[in-house]
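S.K.: Everything below, folded, please.
(one chain, ligands or ions: 2)
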Amino acid sequence: VGTELTEGRIQDAHLRFFGQELTRLGLTVTRCAHLPDDRALFRAEVDRSVAEAEVLIVTGGLGPTSDDLTREVVAEAAGVGLHYHPEVWSALEARFAGRRLAEANRRQCYAPEGFVLMANPHGTAPGFRGRIGGVHVYALPGPPRELGPMFRDEVEPCLRREISLSPVEETRGSAFHVGESNLEDALARCSRPGVAWGTRIADDRIVFHLRGGTARDREAVLTDTQALVGATHIRRGDRGAAELLFDALVEARARLIVAESCTGGLLSTWLTDIPGSSRVFDGGVVAYSNELKQAILGVPGTMLLTHGAVSKEAVLEMCRGALRLGDADYAVAISGVAGPDGGTEDKPVGTVWIAVAARTSEPTAECFLFRGSREAVRRRSASAACILAECLVTGKGWKPYVA
Ligand code: ATP
Ligand code: MG
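M.R.: Ligands and ions are numbered 1, 2, ... in the order given. Sure thing, here's the model as predicted:
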């Protein structure tokens, strides 16, 4: 609830949170409504929800201001009055430690009669829970950092106690550099009776889940899909390309350095997004111009002239140059034509060379042709670089995907 949501001033983060948490618990979310701070609309929505569902969760509208309507609207819908809880006022006084409390905070001491307060250790407004008819109703504050802990500490245990839940059992996998329709065909060919699948496109991969059947059936579908498509491209679990590389480096106790051209630092960003990345990541060079490729990475100018910056020769040299910059165990280099301009007949937009090297061996390079926008080409390049490097670090060996 909140006019700031319906007027588009803030983006809803709650459905994402509740969608995941409630699905995990085995509840099906049948509806999500965003409402302005309007008494009549709010009341109509509560009435509709309690007629349709077993559980209603309301977020927001618990603050101290006159447009915070949740207490009153829920009480009205339940056909009860509001009950004053003096302990909330004492807790507010303790929290404000000497500073003057606004009389407006009084509002936060009320909850619908017969409802139970839910503590809010991260803010001033407590939540409350109770029933309207047989329907379980939970009211939580709007700020995500207040709502998350309250859900885990108060709502989840209560749901587990009061509702018989059947958590969804699923097996997850990630597909790298495989098109959505090819993955669909592969899953259809490998599926077992009773096993259903679903896919979601993420930045660097397609995440798929298998549901139904026994755990063994789902496992068999996953391994068959791996065998059909290739173990390089189908991975167990919901892990991103950078996370797979990170895991491999941690496991090998090895460090990485990168040299990026067309990805402009995206690979370094992905790696440093992972908490603890300093254990395995030395850093990266964004060498965009030919001059910088020569000056920092020592790529010979004559070679750049002969073969161009997007070439096997150039990425191999970038990779060697990156290794010379420090004492990292592994290096990755990326150079490609991200588009939309700059493509030629023999190097069309989407042509990307990626080299990987271990300090102890000669670098190797692969050429890719990625389709899509500039942004997509860059994401696919960073993702392929991660998978290539991960295969080198783990010694799995990389195989190109053939549709
Ligand atoms: P407060 O005491 O802070 O007023 P409240 O329970 O009244 O709490 P709201 O006023 O509805 O909650 O929202 C407070 C803040 O919480 C919003 O300004 C926004 O930053 C955040 N918030 C609320 N609803 C959402 C949402 N659906 N998604 C993301 N953030 C939200
Ligand atoms: Mg508010």
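
S.K.: The closest residue to ligand 2 within the stretch 301-403 of the chain: neighbour count?
M.R.: Scanning the stretch 301-403 of the chain for proximity to ligand 2 using C-beta to the ion identifies Glu375 as nearest, at 36.3 Å. For glycine as for every other residue, the C-beta is placed from the backbone atoms N, C-alpha and C. By other C-beta atoms under 10 Å, 12 other residues sit near Glu375.

S.K.: Could you list the contact residues of the stretch 51-200 of the chain toward ligand 1?
M.R.: Thr59, Gly60, Gly61, Leu62, Gly63, Asp68, Ala125, Pro141, Gly142, Pro143, Pro144 (C-beta under 6 Å from any ligand atom).

S.K.: Would you quantify the distance from Phe115 to Arg131?
M.R.: 8 Å (C-beta to C-beta, to the nearest Å).

S.K.: same deal with Glu162?
M.R.: For Glu162 relative to Arg131 (C-beta to C-beta), the value is 9 Å.

S.K.: Repeat that for Val168.
M.R.: Val168 sits 26 Å away from Arg131, taking C-beta to C-beta as the criterion.

S.K.: Kindly report the same for Ser164.
M.R.: 16 Å.

S.K.: more crowded one of those two?
M.R.: Neighbour count, other C-beta under 10 Å: between Ser164 and Arg131, Arg131 has more, with 14 against 6.

S.K.: Can you tell me the closest non-neighbouring residue to the more buried one?
M.R.: Val137 (6.4 Å; C-beta to C-beta, 6 or more residues apart in numbering).

S.K.: Regarding that neighbour, what is its secondary structure?
M.R.: On the three-state scheme (DSSP: H, G, I helix; E, B strand; the rest coil), Val137 is labelled strand.

S.K.: I figured it hits Val74, correct?
M.R.: Yes: using C-beta atoms under 8 Å, Val137 is in contact with Val74, at 6.3 Å.

S.K.: More neighbours: which of these two?
M.R.: Neighbour count, other C-beta under 10 Å: between Val137 and Val74, Val74 has more, with 26 against 23.

S.K.: The more buried one: which element?
M.R.: Element membership for Val74 (DSSP states H and E) is helix 70-78.

S.K.: Report the rounded mean pLDDT for the following helix or strand past that helix.
M.R.: Of the helices and strands lying after helix 70-78 in sequence (DSSP H and E), the nearest is strand 82-84. Strand 82-84 shows a mean pLDDT of 97.

S.K.: now do stretch 302-309
M.R.: Throughout stretch 302-309, pLDDT has a mean value of 96.

S.K.: next one: stretch 254-268
M.R.: Here the average pLDDT along stretch 254-268 is 98.

S.K.: Now do the helices in the stretch 51-200 of the chain.
M.R.: Ranges of helices in the stretch 51-200 of the chain, per DSSP state H, counting those that start in this stretch, are 70-78, 86-96, 144-150, 156-162, 180-190.

S.K.: Many thanks, have a good one.
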